[in-house]
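>>> Pasting the sequence and the predicted coordinates here, then a few questions.
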Number of protein chains: 2
Amino acid sequence: MSTTHSFFTSRWIEVPGNVTELPGGLPNGFRAAGVACGIKPSGGLDLGLLASSAPDTTSAARFTRSGTQSAPVLLCRERCNLNGIRAVVVNAGNANAATGRPGFENAAKMQGAAALAGGVGVESAVAVASTGVIGVPLPMSAVMQGIVGASHALRPDGEGDFARSIRTTDALEKHASLEVELEAGTVRLSAQAKGAGMISPNFATLLCFVQTDAALSAETCELLLGVTVKRSFERVSVDGQLSTSDTVILQASGESGVQVDPETEDEVHFGEALDALLRQLALYIVRDGEGARRIGRVVVRGGDDSSVARVAHAVADSPLVKTALYGGDPNWGRIVQAVGMAMPGTAPLAVDVAIEGVQVCRAGQYVPHDADALRSAVQREEIEYEIGLPGEGAEVERYFSDLGHEYVTLNAEYTT
Amino acid sequence: MSTTHSFFTSRWIEVPGNVTELPGGLPNGFRAAGVACGIKPSGGLDLGLLASSAPDTTSAARFTRSGTQSAPVLLCRERCNLNGIRAVVVNAGNANAATGRPGFENAAKMQGAAALAGGVGVESAVAVASTGVIGVPLPMSAVMQGIVGASHALRPDGEGDFARSIRTTDALEKHASLEVELEAGTVRLSAQAKGAGMISPNFATLLCFVQTDAALSAETCELLLGVTVKRSFERVSVDGQLSTSDTVILQASGESGVQVDPETEDEVHFGEALDALLRQLALYIVRDGEGARRIGRVVVRGGDDSSVARVAHAVADSPLVKTALYGGDPNWGRIVQAVGMAMPGTAPLAVDVAIEGVQVCRAGQYVPHDADALRSAVQREEIEYEIGLPGEGAEVERYFSDLGHEYVTLNAEYTT
């Protein structure tokens, strides 16, 4: 089959052979809409509704671990049947965070209204998400009008408007519709995400909604979402900051009639498609650091699970590494410094470092190399850093954006 | 006594009544020098030597915990009598880090040469420090010539040249000479520091050398340096990065003839003077973030020792908080976000936040306040953030610089 992958653009994503990109449309059973209700000062789309018509839709969800979770996250965790979410209501422009009990009640009102508007009936089958400014009460009459308006606009190909309505300062589109060929038949898989990492002024959230018409048990949803989120959204860093509102939801309507059973080839192949989808979306989020020139991938090998994770975090979150990435500077001393910071008390640590395949440090000591070749290699858009720790237990990768003037401008010159 | 405190400038430092600032000079028994030996491309002073003539000089030292410690740090830990350091040799422009065994041997050569040059004889009484670019071999013939040159230039008032020779991209002078009145007599106390936090391109180190002519036991040196470093250099953050080379050394020559005994009033008073000195130096380092407009102080109360420390770190290291500080933006939602990140799994967390005394959040919920007054309050040079966690166990403070365009320019546009 010949197909153009306009969504899959990174050299770091392997697109499975059974995946075909579609021009658009939601999987069978789903409808979506996005409308403008007046929360965003710009007048842009700011309220999204998405619903499944299948009564036994299954689902799984993941949320931020923040101690200051937004009201909608608290509501979802307390009052949703997270394995049977049929509808999702989302607003952008106001995070409904640091809003206390009144904020929680507003999130509950959104849930109730969306249960009616989405034709779902049971409130516990509706998830709520909000993204935007922290610490400001939601304008509830606008929100409620928006929900009513969205209910009239629900369409099987409404995912584009829905995706736009959940975005804030995102520069890039972040949605895709895929067809996935399985042995048991063909299913569809789509997703809409929002997030410029945490770099947007006051808007600081990852949202991602994923739909399929494959028939998955709730346990399979849990398993697949758990594994693929760990390999995608949990591996990216823009500025190392954790949002009050991160929410990822996978819903399976079963309307294709194709059952994906546990421990089958089809489960593996469906999982691979989901994996590629979420990883590419995660890379768009890293890339979207407004004005980000380059993204980095750090691969850490050796040591143990804890040490490779600490080192990957330290490198990906280091402002010194990020500014060097931005400047196209092959400044490997900063990599060594970040590794040392992540591994206190281990000196002298026999660390290896390679940048774009050029070995610059071995066993803690510089390696003579062609500095000019390295300098031109780090001018590309995707830069790879490989780090070796003593021992050979583990391996982890992490993706990160650079740190440039646009980050400072957006985050310093924005006024509340 | 009336005196001008040109060194003590922060509202956050209480200068003890028994401390008088002197125009310059080292405590009795010490001599110092700084010379240019050709390590810095600029031709500036880049080699410093400091020595005590008293054979039973006592000392204490603290080093970076990095796993990729520089060769001089490894050498000091392995081959120095850290309670009897008489001389210190320092170069700037090259960190002698990630240089492996040859780097260690070069540090040992510096130690041997400085033992002769400083008139100390015993190599284990000489501490070595280097700051500058990582991963480049030290130009040893230049260094050795520099040590010989410095030995001829040693003077009781050489601390200014010494201080300049250990600086790299520091914009501010960071040295002081004080007189401290104790019951047992008057002693002198001086210090020379280097550091623009970790924000300098490739130069990423805190160095601080402290001298007194009080007679302190080695145990008293340990105790006082331990306590005061915790309250000063360990409480500051420029960009949260840990250097390969941080070194702080306190030396006591005893040449004043004034003995400071353990558990006496004089020990307390001497400790208070040392505390004020190191805290003000630490604030200069934060302030020195080249181009930093503002510095912040975050005070976290409540919770327990671990939670207040985590929250203070998260706020001080948050690029979102730092860019808001730079922009003069009272963006308290970012404080709430950083607190939540430091306290995963505690939602909903009843956090209180006040900025410059204005309560903006109580028990996790916004508090109506005069936004205009708050906005003008955060235009000052020193901004105070107070955070309350549930419970009332602990309290910690932390100082941090802002994050502005100058940081990006320096760290991105510098080329190795």
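Looks like it arrived, so ask away. Numbers count the residues shown, from 1 in each chain, chains lettered A, B, ... in the order given.
>>> For the longest helix along chain A, name the packing helices and strands.
Ordering each helix of chain A by length in residues (DSSP state H) puts helix A:265-287 first. Other helices and strands packing on helix A:265-287, by 3 or more C-beta pairs under 8 Å, 6 or more residues apart in numbering or on different chains; DSSP states H and E, are strand A:175-182, strand A:185-194, strand A:207-212, helix A:218-231, strand A:236-237, strand A:295-302, strand A:394-401. Every residue, glycine included, has its C-beta placed from N, CA and C.
>>> what's the average pLDDT for it?
Helix A:265-287 shows an average pLDDT of 94 in the prediction.
>>> Quick one: neighbours of the residue nearest to A:Cys221 when sequence neighbours are not counted, just the number.
Nearest residue to A:Cys221, sequence neighbours excluded (C-beta to C-beta, 6 or more residues apart in numbering or on different chains): A:Ala60, at 3.8 Å. If you count neighbours by other C-beta atoms under 10 Å in any protein chain shown, A:Ala60 ends up with 24.
>>> Over to the one 10 residues further on?
Around A:Ser70 sit 35 other residues, with neighbours defined as other C-beta under 10 Å.
>>> For it, which residues are in contact?
A:95-97, A:99, A:103, A:130, A:244-245 (C-beta atoms under 8 Å, 6 or more residues apart in numbering or on different chains).
>>> hey, C-alpha coordinates of the longest helix of chain A in PDB?
Taking C-alpha atoms only, helix A:265-287 is exported to PDB below (Å, rounded to 0.1, in the frame of the first residue of the first chain):
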ATOM      1  CA  GLU A 265      -1.300 -10.700  17.700                       C
ATOM      2  CA  ASP A 266      -4.000  -8.200  17.200                       C
ATOM      3  CA  GLU A 267      -3.500  -6.700  20.600                       C
ATOM      4  CA  VAL A 268       0.200  -6.300  19.800                       C
ATOM      5  CA  HIS A 269      -0.500  -4.700  16.500                       C
ATOM      6  CA  PHE A 270      -3.200  -2.400  17.800                       C
ATOM      7  CA  GLY A 271      -0.800  -1.400  20.600                       C
ATOM      8  CA  GLU A 272       2.000  -0.600  18.100                       C
ATOM      9  CA  ALA A 273      -0.300   1.700  16.200                       C
ATOM     10  CA  LEU A 274      -1.400   3.400  19.400                       C
ATOM     11  CA  ASP A 275       2.200   3.700  20.400                       C
ATOM     12  CA  ALA A 276       3.300   5.400  17.200                       C
ATOM     13  CA  LEU A 277       0.300   7.700  17.400                       C
ATOM     14  CA  LEU A 278       1.000   8.900  21.000                       C
ATOM     15  CA  ARG A 279       4.800   9.100  20.400                       C
ATOM     16  CA  GLN A 280       4.400  11.300  17.400                       C
ATOM     17  CA  LEU A 281       1.800  13.500  19.300                       C
ATOM     18  CA  ALA A 282       4.300  13.800  22.200                       C
ATOM     19  CA  LEU A 283       7.000  14.900  19.800                       C
ATOM     20  CA  TYR A 284       4.700  17.600  18.400                       C
ATOM     21  CA  ILE A 285       4.200  18.800  21.900                       C
ATOM     22  CA  VAL A 286       8.000  19.000  22.400                       C
ATOM     23  CA  ARG A 287       8.400  20.700  19.000                       C
END
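>>> Report the secondary structure element holding the residue nearest to A:Ala113 when sequence neighbours are not counted.
Of all residues not flanking A:Ala113 in the chain, A:Ile147 sits nearest, at 4.5 Å (C-beta to C-beta, 6+ apart). Using DSSP states H and E, A:Ile147 maps to helix A:140-153.
>>> contact partners of that helix?
In contact with helix A:140-153 (C-beta under 8 Å, 6+ apart) are residues A:33-39, A:46-49, A:89, A:91, A:106, A:109-110, A:113-114, A:116-118, A:161.
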